[in-house]
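Visitor: show me how the following folds:
(chains A, B, C and D, ligands or ions: 2)
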Amino acid sequence: MSQEAELGLRDRLAQLSGVKLLRGTKLSAELERLQRQLERLRQDTTDEEIWRSVELARHEKRPYTLDYVERMLDDWFELHGDRARMDDHAVVAGIGSLGGRTIALVGHQKGRDLKERATRNFGMAYPEGYRKAMRTMELAGRHGFPLVTLVDTPGAYPGIAAEQHGQGGAIARSQAAMLRLEVPTVAVVIGEGGSGGAIAIAVADRVLMQEHAIYSVISPEGCASILWRDAAQAKKAASAFKPDAAHCLELGVIDGIVPEPEGGAQIDHDAAAVLLREALVAHLDELAAVAADELRRRRRAKFRAMGVLAHV
Amino acid sequence: MSQEAELGLRDRLAQLSGVKLLRGTKLSAELERLQRQLERLRQDTTDEEIWRSVELARHEKRPYTLDYVERMLDDWFELHGDRARMDDHAVVAGIGSLGGRTIALVGHQKGRDLKERATRNFGMAYPEGYRKAMRTMELAGRHGFPLVTLVDTPGAYPGIAAEQHGQGGAIARSQAAMLRLEVPTVAVVIGEGGSGGAIAIAVADRVLMQEHAIYSVISPEGCASILWRDAAQAKKAASAFKPDAAHCLELGVIDGIVPEPEGGAQIDHDAAAVLLREALVAHLDELAAVAADELRRRRRAKFRAMGVLAHV
Amino acid sequence: MPGVSAAGNIDVSIEHKKSDPSERDGGGGHPNTCPRCGSHYRDDELAEHLRVCPHCGHHFPVKAHERVAQLADPGTFEEEDGDLRSADPLEFFDLKPYVERLAEAELGTGLGDAILTGRTAIEGHPCRIAAMDFSFMGGSMGSVVGERFARACERAAEDAGALISVSASGGARMQEGILALMQLPKTVGAVGELQDAGGVLLSVLAHPTTGGVTASFASLGDVTLAEPGALTSFAGPRVVAQTTREKLPDDFGLAESNFRFGHVDAVVPRAELRATLSRLLRLFGASR
Amino acid sequence: MPGVSAAGNIDVSIEHKKSDPSERDGGGGHPNTCPRCGSHYRDDELAEHLRVCPHCGHHFPVKAHERVAQLADPGTFEEEDGDLRSADPLEFFDLKPYVERLAEAELGTGLGDAILTGRTAIEGHPCRIAAMDFSFMGGSMGSVVGERFARACERAAEDAGALISVSASGGARMQEGILALMQLPKTVGAVGELQDAGGVLLSVLAHPTTGGVTASFASLGDVTLAEPGALTSFAGPRVVAQTTREKLPDDFGLAESNFRFGHVDAVVPRAELRATLSRLLRLFGASR
Ligand SMILES: [Zn+2]
Ligand SMILES: [Zn+2]
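Guide: Ligands and ions are numbered 1, 2, ... in the order given. I've put the predicted structure just below:
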């Protein structure tokens, strides 16, 4: 972890410690979480740990978007369809109530059993899925609902019809829509944050990753296939491009890590949902204090600054 | 013609006569046109004249959108596709130059020969056609290009896929998009203004009809089929619902009538284009003087007021 | 219906001769006989079951006042703009004069036109409601439907509130000619004013919602619900069949098909409609 | 390429091993031999014909500097941000270190990265241009491509001007890991700033434009042009074929197919590109 990132966390810790404990246990939980994050980040993530995250992020028992919706939201109304061509089941969208606040939520959705996996297309969306997402963003913007997105996809679906219906353009426009929003937005990678299919709904004020989620420009297998012409070298590839949360935080690509129950979210869905909910509420509370146009300005500036450059 | 409408025209005549003839011939042409309009409207349109318009509006030699584009615009770049599914050839869209001003233009397009008629689907659009139109409106709004629409359709296409892809919703949203625009908009019915398929692109600051165009909620044949279960009674139906320009003007649904060459536009495409161009330039000049938000406010108010009501 | 050429395409106008729910299955049965399973009910039996066949679940049509009674908290509904009536700008005359048709429809339904609008509350959430009535000239949209709907939007917009529309319409009202078509942009604009003001339109599609209403406000809900089996299409099935000369899918234009094709958020059985609307009102209200 | 499972779906990242234009037809031919008709040309012959086969019309790839020379008024091009270079935040190492690949690419192409940006004029219309070069690491988009593109947008936005992008890219640059993915929202945001400022993006799709570039700025043009035969798809054809196990249409992802499916405004032969862009610059400029 870079010294700078560590300093940032330490700063925040110090700040929190000095604050009057108005919110009691809540704040001490926040403190504890940061402390723990700090501890973990102090050591470099090992290749084994990276691969462990790849496995856990794809674990077949890992909670999916609707598992969290069910546990985190007090009410939920799912919105269906892109108003043009279909209802893509790889993306769910809706409005719900989180801590007394109505939010809009968009997430990739994988299937648990064989049949649902097919219906959900393994969480790989068609352009129509992103158009459903955009419709929901528009609604959120109009009603001032904060937008929460849950990212969990191997990638956008690489199919014939998906291309013919404009996969690239849909992903580009979905990002543009998120950058235009004047409501607070929080994206959380809850499993696989697979490339363009993920970023389409992850251009948020706060981008978080669960502890064992991965976020990457290419899958380890895809990378290995290109570099070594051997998908079996996936582990080596993962070590090379480091899709784990700690590295993403270090690179400034995400704004925080959401802890999972010991051993991974798949072990205890309820506990994972409590931790996720806590993080969402905390971030939404913070963002609620920022003016709408300022939110947008900062969001744009954040993504504008992404990348590492040298000069001749 | 109602006394009020006649008074309106007379007022405008008086006003024009008193104005200094800065623009020379142009203004006198305007005067002449209004005078002629006034003459014609002074007598009630007969049933024969109404049916004559129905025939001329559908005349197979009548100029279509691209015939006008070719003759009126100094430059033209056609935009294709809805960025989602297809390029609907029943609708053409593009940007071009009209009297030194860049405009966006959207129009229904019928085909001249058998093959083109099939390609253009007889000017009956799918929802994708209206989505192409909306994309063009968005572009016009963003760049401050005035929008000209040319309406010439028997109606939106009543097909299986058209329904499945959301024909009703597309027409509704296209109207909403026109009501949102903050650029000057002029719609001209140049042939058949067929119902929902027409209004989708006709919600403009100024709505004009060519002298022999028709504009109606239902086709004469459709109306006759419902009322008398006999499409052959179309002429009778047309007399009942009066789709001709004079009646539309009288009802306050349109803002003016664009003269055609003697005998109808089909006789002289070039002359028809000159007259249409003159009308468009005159209206765009007038609208250019109005502030953007005021344009929108007035446009909304105009359509808000449409209808004739009684009270208990 | 005799042949309608492509050029004679009906588009938004009423096709109610064909889509009248009581005639949808070859037609002509008693209005309280279930067209799907043949069960017959007394009127009070049907009313008690919200006009849903207890045997097979078929949703019978609901008139505007009964619809409001099904949804509204008792005693909260106050009709607004009930004094508006259609004029007859075209002096339209087919088999009989338009004014006569209007008078007959009013006598038959007790409504001044095909939509009933007013202020109400649903499970304690104040809102406006606009319920259409198919039995008033096929639920066709003329100047009064457009005006009442637009005013309901404006009243709802005043306090950034909610409007619930329940549509049931064969399309635009032919007898008002081009003015009927103008109700499309008029209602579209009104929805825009409501939504720009932070208000919400919850659109419920009842059987049938075709033509102009589909091509205007009914398609612009923040949320769109449909009743099971409700036909919602722009062009009616017969026009489509005649134009395309193709066999239509069995569920052509039905709520379930529209859900599958992405046009409807949920197909809601009538027994759950009130609770669903209440839930949505709560969710949309919580932002204010 | 060995099997890539659905879960190993490549998505935006470079697939340039497969979509390299010189290899597209089974590959390996001399770069100046036409892969379609087999004609062979001297380099100056090809250059004279804008690298379009005079015999069959096949469009050969064009490097960034040559592209600018084809489009710009002579003497008007001034490169901007040429000093930017990629860092190696991941210390990425596959068969060789990323830094070595970068150095080799720079030596081979004379470019600091896969895009060349600057100020120029086309038939007298001042504009910015951003031309990608497939020969620099498969035209992959990393931090420098993103940054140069974003700066070009910002400079164009300053005077509400125009940016012409000519894309040719296998996708995001794997070697920069997640930071490469972040160039998507970065460039998308930059286009937004340009367009919000009243500026215009004219997007030209050259062969091949796949992956991340397709899923960001290249799809956001006010007008989108494509060169004949240019492959533009999000997922590359081989990945699609492997995932779906279906036979792809012959013109899968090609400009002509994308035009038919509504994603491209015009397929413009290279000989007409300059005139077309000039016409568009005039039309878009006339509003200011
Ligand atoms: Zn029954
Ligand atoms: Zn050749």
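Visitor: list the contacts of stretch C:84-100.
Guide: Applying Cβ atoms under 8 Å, 6 or more residues apart in numbering or on different chains, the set of residues contacting stretch C:84-100 from outside is B:227-228, B:240-242, B:251, B:308-312, C:102, C:112-113, C:142-144, C:147-148, C:174-177, C:179. Where C-beta positions appear, they are placed from N, C-alpha and C, glycine not excepted.
Visitor: for ChimeraX, what selects the buried ones among those residues?
Guide: Those of the contacts of stretch C:84-100 that count as buried under 16 or more other Cβ atoms under 10 Å in any protein chain shown are selected in ChimeraX with:
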select /B:227,228,240,241,242,251,308,309 /C:102,112,113,142,143,144,147,148,174,175,176,177,179
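Visitor: how about the stretch 1-150 of chain A: which residue is closest to ligand 1?
Guide: When Cβ to the ion is the measure, the stretch 1-150 of chain A has its nearest residue to ligand 1 at A:His80, with 26.9 Å between them.
Visitor: where along the stretch 51-200 of chain C do the helices fall?
Guide: For the stretch 51-200 of chain C, the helices defined by DSSP state H, counting those that start in this stretch occupy C:64-71, C:98-109, C:143-158, C:177-181, C:183-196.
Visitor: what does the domain assignment say about chain C?
Guide: The record's domain split for chain C, according to automatic domain parsing, is C:22-60, C:61-283.
Visitor: where is the longest strand in chain C?
Guide: If you go by DSSP state E, chain C has its longest strand at strand C:200-210.
Visitor: list the pairing partners of that strand within its sheet, with orientation.
Guide: The sheet places strand C:200-210 alongside strand C:162-169 (parallel), strand C:223-226 (parallel), strand C:232-233 (parallel), with pairing taken from DSSP bridges.
Visitor: can I get these in JSON lines with mean pLDDT?
Guide: Compiled in JSON lines, the strands paired with strand C:200-210 are given as follows (pLDDT from 0 to 100):
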{"stretch": "strand C:162-169", "mean pLDDT": "98"}
{"stretch": "strand C:223-226", "mean pLDDT": "98"}
{"stretch": "strand C:232-233", "mean pLDDT": "97"}
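Visitor: could those go into TSV alongside mean neighbour count and distance to A:Leu280?
Guide: Shown next, in TSV, are these (neighbours: other Cβ atoms under 10 Å in any protein chain shown; distance: least, Cβ to Cβ, whole Å):
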stretch	mean neighbour count	distance to A:Leu280
strand C:162-169	28	26
strand C:223-226	25	23
strand C:232-233	28	36
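Visitor: now render those as CSV, adding distance to D:Ala168.
Guide: As requested, the strands paired with strand C:200-210 are exported to CSV (distance: least, Cβ to Cβ, whole Å):
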stretch, distance to D:Ala168
strand C:162-169, 51
strand C:223-226, 43
strand C:232-233, 45
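Visitor: what's the end-to-end length of stretch C:216-236?
Guide: 16 Å (Cα to Cα, to the nearest Å).
Visitor: sorry, slip of the keys, the one I care about is stretch C:237-254.
Guide: 10 Å.
Visitor: what of stretch C:137-150?
Guide: With Cα to Cα as the measure, stretch C:137-150 spans 20 Å from end to end.
Visitor: just the terminal-to-terminal distance for stretch C:104-118.
Guide: End-to-end distance for stretch C:104-118: 23 Å, by Cα to Cα.
Visitor: how about stretch C:132-143?
Guide: In stretch C:132-143, first residue to last residue: 14 Å (Cα to Cα).
Visitor: check the offset of it from the chain's centre.
Guide: Distance of stretch C:132-143 from the chain centroid (Cα atoms, centre = their mean, to the nearest Å) equals 8 Å.
Visitor: thank you kindly, that will do.
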